[in-house]
Every structure is written in structure tokens, then in C-alpha cells.
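Engineer: The following block contains a protein sequence and its predicted model.
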Amino acid sequence: MKKTILVVEDESILALLLESLLTHLGYVCAGPLATGEETIAYLTGRQVDLILMDIELAGPLDGIETAQLLRRTSDVPIIFLTGTPLVKALSVSPNCLVKPVAEQDLAAALQRALAGRPPAPPTGSLPLPEMDGATPAGDTHQLQLGDIIDSRALQTMMEQFHRLTGIGIGILDRQGNVLVGVGWQDLCTKFHRCHHETLKNCRASDARLSTAGASMSRCRNNLWDLMTPIEVDGRHVGSVCLGQFFYDDELPDYDFFRNQARKYGFDEAEYLAALDRLPRWSREKVDATLDFYASLAKMISSLSYGTMNLSRALAQKEAALRQLHESRCFQSSLLETIPIPVYYKDTAGRYLGFNKAGEHFYHRTKAEMIGKTAFDLHPPQLAEYYHDRETELFSRKGSQVYETVFTLPQGESRDVVVHEASLTDAGGAIIGVIGAMLDITDRNQAEKQLQENRKFMEATAMMIPDVVYLFDVQEGRHMYFNRELTNLLGYTNQEIKDAGAGLLLSAVHPKDLAQVKKHMERMAHTPDDGQHEVEYRIRNSHNAYQWFYVRERVYLRDETQRPKILFGIMQDITERKEAEEEKKLLQTQLIQAQKMEAIGTLAGGIAHDFNNILGAILGYAEMVREDSPPDSIVARDLDQIILASNRAKELVKQILAFSRQADMAKIPLQPGTIVKEAIKLLRSSLPTTIAIEQDIDSATAPIFADPTQIHQILMNVCTNAFHAMEEDGGTLTISLSNIELTRQALAGRPQLQPGRFVQLSVSDTGRGILPEIRDRIFEPYFTTKEQGKGTGLGLAIAHGIVKSHGGFITCESKPGEGTVFHVVLPALNEYAAAESETNEGIPAGGEHILFIDDEVILIEMAQVMLERLGYRVTVQADSLEAMAIFTNQPENFDLVITDQTMPGMTGMELARRMLQIRPDLPIILCTGYSTLISEEKARSAGIKGFALKPLARKEIATLIRKVLEECSDIPASVAGRLIPPLTDTALARRR
């Protein structure tokens, strides 16, 4: 993203140039602004990346004061622009450039400031050039005396003075350097300054004289020295000296000088001769000379100071002219290199100048453009418009920006943004206008094409039945999404925009959240921008979860290669997932059905064999009971055997009913008896950690139901309660009572009428059932148990049985508080108990019966039983042999009783062949279990009777008489009769 630079510059031309430079460097230019007040107001509520501000601004606040105010509330970096020394600006900000600013210097300064790096040493500052005898004001302490006097001219002048007066002179700077020396004596030049020891004395004296004020003293070589200081601008810069003489009223100390000659190895005669040649002046002449030298020093000081000021002024002028020339060259070069047209006009609207880009834009040279107006280059209507806009800047100082269409002389139209400002002279008077044009034709065309492409893409996205979106990962917001997102999830556009990523992430199913985060991490750490896929659930506005197949890829990365924008497509796969779940459920149901089929097959096989065994046990037990005294111990034991056999018979029926291999019949019954029997069975099958409590109302009304299925309801519900308490134990409570239900209580159950009902309740103290699970417990194959534990059918079967009996079942449960199931069945209003059969007689007869069964024990038992009932009986264990016997003598038999499942020939096939021979033959078909035969099939085949094994003696006797009496041609001689119950005398006689 491009950085935004705010330009604060009150010079409109420089502001336009800076704006052009910044645009060329790839920045976004804000402003330009002209005052500190405008800058502070602009930055209230706005943000920029950097401020480029002139130190000298229009208005009461300069750039430095404005920066100090901004520092209180913002840390935005500031680069100052100045045409003055940098000291003041650098005290506020180390980032400072001196105008005019070169493009490379501006680019480097911007990069350093935006990166937060310290600025480079100031470039662009303009130190005054060094020139002879000139130094900028305020820097006179750096001047030496040799810098501000013409030593050669003074040397010549003083030599002439010496020839006239014979008086020598020395001019020394502050360091003791001799700048002018005239009239020096041989004693010094040939002796004292030729020996290194005496030279030290000379130099020490020179140094003392150069730094002292006006004084007179002897040097270390015992000669007189006089000194007058030279001051420039109040500073001591050197001295005028008079020396190497004696007063005429004193004699030299020859002993001192002889010792000097001997000490330093001078030729004594020559040394003393040189001493005698030293001038001897009167004290008046010395004083006059000293006054002259003082005047000379003042003159030198005055001339030097004036020369210095003049040199400074000339140097400053030259520097200013050079700087102006450089600035004009820079501005000219800058204008020529600016890639957009820049021009300036006078107040008459005539072009005064153009840069290269302007020539290319108009396809004309500068010579062709200079002096032309808008009316010479554009159609009248457009020219009038441009003239009116410029006239505003001629009347008052200011600037303007507007967008327009330029029609070029060759007829081509271009979209441009025009930046114009008033052009003023040094006095502030408006002398014209300066402007720059930015050709935005290509940009506008690109934006138009982009807009058309965007509309096309949006229209395409709207046609796609899936969710299409662009998502800003770092800002956590949707940049674009089509309407399918709102259509599918139900949230409004504003809700999605306001909530951003938080809405969808919070709506992800908790079980899928880890997978979604892993998906995001995989995209963040995968360097390529390939497609990534994931499936997860999202909660819609109705709090229901929908499945989505999501394909995403990184559309844009930031400078650190982290994902910035994602492009994604979300496809609603809820129906597919539901179909997959339904398929899994159907597969589970198929497996369960196959299991049930296998159980049914097994149950049928067991039932067939077990019923044969039960038939023998029950038949022999009844015959023995018939022969036993009623009140004997044997009779009581046989009664228990008969009772147990009947219970086993009912148990087989329950097994067949569970496996759907037998149809049950509803009869009026007392539910309390069945409930008590089931409780006995539960006590023997449940672990001792589960206590059983019962509350059975003895006055419970009867119901019309299948006893086996009522037993199954109770067992299934109690088994569910057992599983809830299996780990921790608990209490199982079973209650049975009468209840009255009103129409209000039966609201929502229109099939039921108000009245009396029987309620069977089963409660446990287990873990309870969660609400979301409680709504599904009666669904087939739904189970919360681990695999291999339960089929998921128990409660579903119970629910189906209750519904088939015209009742309903409910469940009340809270997690941690156990569960209560209520089974509600309609009560019978009238019920007559079956009469006791203990005193009924058993039908008997004298007909000839052919009895066929492959179980030998059954045919032996049947023969004895039927003969006791008065019948003549022929038994046969082989179905093929039986068929042969019947074929030989078909009229010899009054009735045929045959088993269904036999080797060689089934009972149905045997009956079919016999009926072909004798169509009126009464046949009874018996079976312990068969998937191939039912009572309806048997009757449709011409069979008169159908019986399920095992049969008690009375049941078979009654069925035989019923079948025989249905035949009209039975002889009266063999008509049925009742065999009375045996008396004790008859029993004794039989024994």
C-alpha cells in the first residue's frame, strides 16, 4: 500500500514541484497546505505517514512551532525544508533538507524517516564559500592577522618609511609570526637569531609582545622592545613592534654582551661592533615613534575590519548569485524531468513556459506554445471554461484542483486532473498562474474496465449456487461475498460485515473447530498458493448446523509472505452428508435386520425342536395327571410340570414374536399378573447391585392386549433402565395403577378418548438422559451404547407395541436425576373372566385317525392320548410310508393329523397328495415352527385344521371334534361325546 505524504509549503510553485516529485517516487501526496493552522486542522481525525513541511510558513505559526504542537498528540515523522542554516530546524527534528531539494536526496530522506532510521548527516546545507580575507559574520574569531592585511604592501611601505626615518618596524600576529619586518639590526639578524639559544630568547620576546597590550620592556637579549596592539572587531589579532635600540642617555652593558659573545661563541669583536651600530634615540623620538605606531595600528585595524566586511559582502553576494543560479538550474532541470506537463502563464492567459512533458502532451514545441492562449489550442467552449477557472487565480492568491477533458489541437480528447496556483513576484503581487496536468485517461479507462470486470465477476458470482468470498485474514473482515452466504446461513449482510471472522468462527461446530484451525495453519505455512480443502459445519441463524465443503487459496500475501487475502468457495453439502448418514443408518439397519433374521432363523429352529420336546413332556404329564389322585403329592408335582411346560410354551412364543416369526393375538387380560411374572424373571437376571421395588395395584383394570407383547414392553424398558445403572448400581421401581385422563391431558393425541387408562411406570436412579438424546430414544437403531452392546431396537419395539395397542409411552429425565418411562394403555370397560376349565369335560370320539410325525416320542404319546379319548389310531413316523398306507386304503381313515416339517415329504405336500385322492378328507396340520406355512396357507390348500405345537390334550381333543363336525358325512355312530372327569373310583379301577 502506498504511503501518504502531507506537503506543507506556502510557495505554490515549490508545492507543485514537491507534489510532482512525490507522485513520481510512488507516494500519495496529501495537501498541499500553506499554514500551520491548516495543518493542525487537517490532521484532526486524519492520518498520514509523514509530513514534509517548510520552516517558514504563512500565518502566525512557522513550521517549527507547528511541529512542536503536533508532537503533543502525534509521533508522525516530520522532514523540514529550509533555505536558511539548519541549526534551528535540527533542534526540533534531525530530518531536514535545504531547498532546493534534489530528487535523490528527497527519496533517501523519505525512506530513512518512514523506516524509522536516524537521518544521514545534513546534505543540501550551503556553507558560505571560502574567499580571500572574508569570513561570514559571527565567525571573526577564526580570522588571523595575515588573513586581513596585505603584508606585502605594508612591507614595501614600511621599507620606504625606514629609508626616510631610519626607524624600523615589526608587525607580528598572535602566534609570534613576523608578518612585516623593516630596519632590523645586524646584532639580531646575524647573531641573536642565528644561534638556537638566543633565538629562543627572541621568539620568547616575540610571543610576549604579540599577546601583551601596549608596553615597553627589555628583551631577554637586553635590548629595548616597544609594542602597540592591533585589534579587529574588538579582538587582539597582532602587534606593531619597535626594538633593537638604546636610549641616547644610557650606555650599553658591555660586560653583559661580552659574556653573551663568549657564552654562545660569537666573534666578540664583530659582536661588539654590531652592538655599537645599534641606533641611539632620544626618549622624545621614541615616544613620537610610539605614537606613530599606535596610529598605524589603529589604521591597520580600521582598514582590516572594513576590508573584511567588504569581502564578506562580496562573498555573500557571489554565493547568493551562485545559489540563485544553481536553484534556477535545479528548478529548470526539475521541471524538465517531471513526467507530467508543467506550465506557467501571465495574467493574460498566455503560455510563458512549458516543460518537455508538456511538449509531448500537446505534440508541439515550446516555440509553438509560447504566447498562445487556451483559445488558440482548444475549442471555444472548453477554452472559455479553462479561462474562467484561471481568472479566479488572477483575482486572488490561491490554488485549485479540478478534473476535466482536454481536447488537443489534433482532435484527441484526454482526461486530465489540473493543479493550478497563483504565481507571485517578490512583492507578493500576482503575475500569472503555474499549473501541472496529470493525464488520467489510461487510469480512467482502466478503472472503467476494472469496474466492468468487477460487475461481470459479481454477476458471475451471483449466478454460482455456492458461496464465493474474498476474506482479509489480517483485518478479519469479508471484503466481498455473494448473496448465497446470506441465503444459506440466514445472517444479514450487515451482521456478517460487522462481526467479521468472529461470526463464522464462533458458528463453527465445536467438534470441527480444531480441524478449521489446522486448515488455516496449513495455508499460512505452505509457501505455494495452491488450493486447500476442508469440510466442516457452521451454525446458521436458526441455530441449526449445515455442512460445507470449503475450497480456499491465498489470493494475496503481505511483504512478510503471510497470507493477506483469501479467495474461497463454500458449497453446501448438508444434503449429501445427510444422505451419507442415512446410507450408514440403512447399512446399520440392514446389518441389524440380518442379525434379526439370523436370530429369527435360530429361534424358529429352536422353537421347532423345543416344541416337539415340550409336546411330549406336556402330553405325558397330562395323561399321568389324569391317572393320579387329585390331592396327591404326585398330582401337585404334575401340576407344576404342566404349569412349567405352559410357561415354556409361552416363552417360545415370545422368542418367535421377538424375531417376528409368530403372530400374536390380543385377549382381555389382567396386566398385574404379567407384570409380576416379569418382575420374577428380572430378579433372577439383574445383578444384586440393582434393587427392585414394585407397587402393583391389585385393582388395576383389565386391558385388551397380547400378553407376550406386554411382557416384552416391560422387559425392554427395564433392560434400558438396567444399562443406565449398570456401572454404579441403583434402584429399579416398577408400578402399575389406574389413571383418569381428561381431554386436556390428552392434548396432542387426537386418536385417544378421555377416560380410564392403565399406567405402567418404570423408573431408575441412573445418569439420566440429555434433552437432545431424549428426543431420539424411540428411533429405530438409535443407541448411545458402545458397539456390540445393544441393538438400538429395544425402546423402538416397545414404542411400536404400545402404539399398536392404542396407547402411548413417555419419558421424563434430567441428567444426573434418573429416568421415568410411563406406558399408558386403554382400560377395558367390561371384562368377564374365563370360566374355570377344571370341571369341564374333554371331547372324545371313536373315529379312525392317521397320525404322522417324524418324532417317535410324539407319535407314541399321541397314540396313547388319542386312544384314551376313544379314537382308533394308526401312527407313522415316515411320511412316504404314511402316503403309501393311505393310498392303499383311503376310505379307511376319518381324519389325518400330520406334522409339517418331516424328511422325505412335508406335511403340506402330503396333504396335497391325499386330497387329490380324497378331496373331502379332514386334515389337521401341526407345526412347531415353519417359515413356509401359516394357517391361511393351510386353509387355502384345503386343510381343515391348523395347530401350533405343543398342544395340550384338551386343545387337540377340541380341535379334532371341531374339524370332524365340520364334515357333514360323519356317521352318527362315531359322533363325539364328552369324557367326564375321572373320579377316585375310576382312577382306582384303571390302576
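Structural biologist: Thanks, I have it.
Engineer: Could you report the neighbour count for residue 753?
Structural biologist: Neighbours of residue 753 under the rule other Cβ atoms under 10 Å: 11. (Each C-beta comes from the backbone N, C-alpha and C, glycine too.)
Engineer: Then residue 625?
Structural biologist: Residue 625 has 19 nearby residues by other Cβ under 10 Å.
Engineer: could you say what helices and strands the helix or strand containing it packs with?
Structural biologist: Using DSSP states H and E, residue 625 sits in helix 574-627. Here helix 574-627 touches strand 545-557, helix 633-658, helix 856-868, helix 953-965, going by 3 or more Cβ pairs under 8 Å, 6 or more residues apart in numbering; DSSP states H and E.
Engineer: so it versus helix 856-868, what angle?
Structural biologist: If you take axes from the mean of the first three to the mean of the last three Cα atoms, to 10 degrees, helix 574-627 sits at 50 degrees to helix 856-868.
Engineer: re earlier: output the helices and strands packed on helix 574-627 in a markdown table; the columns should cover mean neighbour count and distance to residue 174.
Structural biologist: Shown next, in a markdown table, are the helices and strands packed on helix 574-627 (neighbours: other Cβ atoms under 10 Å; distance: least, Cβ to Cβ, whole Å):
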| stretch | mean neighbour count | distance to residue 174 |
| --- | --- | --- |
| strand 545-557 | 18 | 70 |
| helix 633-658 | 16 | 130 |
| helix 856-868 | 18 | 153 |
| helix 953-965 | 19 | 153 |
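Engineer: Out of the ones you listed, the one nearest residue 773 is which?
Structural biologist: strand 545-557 (16.4 Å; Cβ to Cβ).
Engineer: Parallel or antiparallel, which strands does the very next helix or strand once past the closest one pair with?
Structural biologist: As assigned by DSSP H and E, the chain's next helix or strand after strand 545-557 is strand 563-572. Neighbouring strands of strand 563-572 in its sheet, by DSSP bridges, are strand 467-472 (antiparallel), strand 545-557 (antiparallel).
Engineer: any idea of the mean pLDDT for strand 563-572?
Structural biologist: Averaging pLDDT along strand 563-572 gives 89.
Engineer: can you list the residues that contact that strand?
Structural biologist: Outside strand 563-572, the residues that touch it by Cβ atoms under 8 Å, 6 or more residues apart in numbering are 464, 466-474, 479, 485, 488, 523-524, 546-558.
Engineer: Is it correct that residue 416 falls within a strand?
Structural biologist: Yes - counting by DSSP: H, G, I helix; E, B strand; the rest coil, residue 416 falls inside a strand.
Engineer: Am I right that it is in contact with residue 402?
Structural biologist: No - using Cβ atoms under 8 Å, residue 416 makes no contact with residue 402, being 9.4 Å away.
Engineer: Looking at the two, which is more packed in?
Structural biologist: Neighbour count, other Cβ under 10 Å: between residue 416 and residue 402, residue 416 has more, with 20 against 12.
Engineer: Break the protein down into its domains, please.
Structural biologist: In terms of domains, the chain is parsed into 4-127, 145-311, 339-439, 456-572, 664-833, 842-990 (source: automatic domain parsing).
Engineer: I'd like the average pLDDT over the third one.
Structural biologist: Right, the one you point to is domain 339-439. Mean pLDDT, domain 339-439: 88.
Engineer: Between the two ends of it, what distance do you get?
Structural biologist: Taking Cα to Cα, to the nearest Å, domain 339-439 runs 10 Å from one end to the other.
Engineer: what distance separates that domain from the middle of the whole chain?
Structural biologist: Computed by Cα atoms, centre = their mean, to the nearest Å, the chain-centroid distance of domain 339-439 equals 52 Å.
Engineer: Please apply the same query to stretch 947-961.
Structural biologist: Put simply, stretch 947-961 sits 78 Å off its chain's centre (Cα atoms, centre = their mean).
Engineer: Endpoint to endpoint, it covers what distance?
Structural biologist: End-to-end distance (Cα to Cα), stretch 947-961: 13 Å.
Engineer: tell me the average confidence for it?
Structural biologist: According to the model, stretch 947-961 has a mean pLDDT of 88.
Engineer: quick one on the thing from earlier: would you mind giving the domains of the chain as JSON lines with distance to residue 319 added?
Structural biologist: As requested, these are exported to JSON lines (distance: least, Cβ to Cβ, whole Å):
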{"stretch": "domain 4-127", "distance to residue 319": "7"}
{"stretch": "domain 145-311", "distance to residue 319": "12"}
{"stretch": "domain 339-439", "distance to residue 319": "19"}
{"stretch": "domain 456-572", "distance to residue 319": "45"}
{"stretch": "domain 664-833", "distance to residue 319": "90"}
{"stretch": "domain 842-990", "distance to residue 319": "123"}
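Engineer: just so I know, which of those domains lies nearest residue 632?
Structural biologist: With respect to residue 632, and counting by Cβ to Cβ, the nearest of those is domain 842-990 at 9.9 Å.
Engineer: Lowest mean pLDDT among the helices and strands of this structure, which one is it?
Structural biologist: Scoring the helices and strands of the chain by mean pLDDT, DSSP states H and E places helix 984-990 at the bottom, with a mean of 38.
Engineer: a strand runs through residue 518, doesn't it?
Structural biologist: No - assigned with three-state DSSP, residue 518 falls outside any strand and is helix.
Engineer: Renumber starting at 640 from here on
Structural biologist: Will do, 640 is the new start, and the previous item becomes residue 1157.
Engineer: how about a markdown table for the strands paired with strand 1202-1211, with distance to residue 1414 and mean pLDDT added?
Structural biologist: Converted to a markdown table, the strands paired with strand 1202-1211 look like this (distance: least, Cβ to Cβ, whole Å; pLDDT from 0 to 100):
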| stretch | distance to residue 1414 | mean pLDDT |
| --- | --- | --- |
| strand 1106-1111 | 30 | 86 |
| strand 1184-1196 | 16 | 90 |
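Engineer: Format these as TSV; extra columns: distance to residue 1305.
Structural biologist: Putting the strands paired with strand 1202-1211 into TSV (distance: least, Cβ to Cβ, whole Å) gives the following:
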stretch	distance to residue 1305
strand 1106-1111	56
strand 1184-1196	44
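Engineer: wait, which of those is closest to residue 1367?
Structural biologist: Nearest of the strands paired with strand 1202-1211 (Cβ to Cβ): strand 1184-1196, 33.0 Å.
Engineer: quick one: contacts of that closest one?
Structural biologist: By Cβ under 8 Å, 6+ apart, strand 1184-1196 touches 1106, 1109, 1127-1128, 1148, 1158, 1162, 1168-1179, 1202-1213, 1215-1216.
Engineer: Recalculate using a threshold of 7 Å.
Structural biologist: 1109, 1127, 1148, 1162, 1168-1179, 1202-1213, 1216 (Cβ atoms under 7 Å, 6 or more residues apart in numbering).
Engineer: Can you flag the buried ones in those?
Structural biologist: Using 16 or more other Cβ atoms under 10 Å as the burial test, the contacts of strand 1184-1196 include 1109, 1127, 1162, 1171, 1173-1178, 1202-1212, 1216 as buried.
Engineer: so where's the stretch 1140-1289 of the chain shaky on pLDDT?
Structural biologist: 1140-1142, 1228, 1231-1232, 1235, 1239 (pLDDT under 70).
Engineer: Okay, buried residues for the helix or strand where residue 745 lies please.
Structural biologist: Assigned by DSSP H and E, residue 745 belongs to helix 742-754. Buried residues in helix 742-754, defined by neighbour count with 16+ other Cβ under 10 Å: 745, 746, 748, 749, 751, 752.
Engineer: Understood, closing this out.
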